[in-house]
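Engineer: whatever this is, show me its structure:
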Amino acid sequence: MKYKKGDQVKVVAGKDKGKTGKILKILTGEDKVLVEGVNQYKRHVKARTQNQKSEIITITKPLPVANVAFVCPKCKKTARVGYAIQGKEKMRMCKQCGKTI
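Structural biologist: Here you go, the predicted structure:
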């Protein structure tokens, strides 16, 4: 997967199309990413004990990787991520502006 934790991404499909946020977690087995402040749902939680209150909590659910696009920190545009080998290091690069990330 070409995305890493902490990358800035933009949602390109779904109910939150156009929103941006940082990647909090990557689920490689499911090909999904958890993006901060995107794809949030409300959940009703019932009290388990007498002292505890019932409440409505907000849950952030993961998005498919295909529904997000990488935002380059240098050119601030959505771009694909490529790789370039410099010496013995494999560096990630922006396909839009060509700079290393």
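Engineer: mind naming the longest strand for this protein?
Structural biologist: The longest strand of the chain (DSSP state E) is strand 20-27.
Engineer: ok, whatever helix or strand comes next after it: who's next to it in the sheet?
Structural biologist: Sequence-wise, the next helix or strand downstream of strand 20-27 (DSSP states H and E) is strand 32-35. Paired strands of strand 32-35, with direction, are strand 20-27 (antiparallel), strand 63-64 (antiparallel) (DSSP bridges).
Engineer: export those strands to JSON lines and tack on distance to Arg80 and mean neighbour count?
Structural biologist: Quick note: C-beta positions are derived from backbone N, CA and C, even for glycine. Listed next are the strands paired with strand 32-35 as JSON lines, based on distance: least, Cβ to Cβ, whole Å; neighbours: other Cβ atoms under 10 Å:
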{"stretch": "strand 20-27", "distance to Arg80": "16", "mean neighbour count": "16"}
{"stretch": "strand 63-64", "distance to Arg80": "16", "mean neighbour count": "18"}
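Engineer: I'd like these laid out as CSV, including distance to His44 and mean pLDDT.
Structural biologist: Shown next, in CSV, are the strands paired with strand 32-35 (distance: least, Cβ to Cβ, whole Å; pLDDT from 0 to 100):
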stretch, distance to His44, mean pLDDT
strand 20-27, 24, 96
strand 63-64, 23, 96
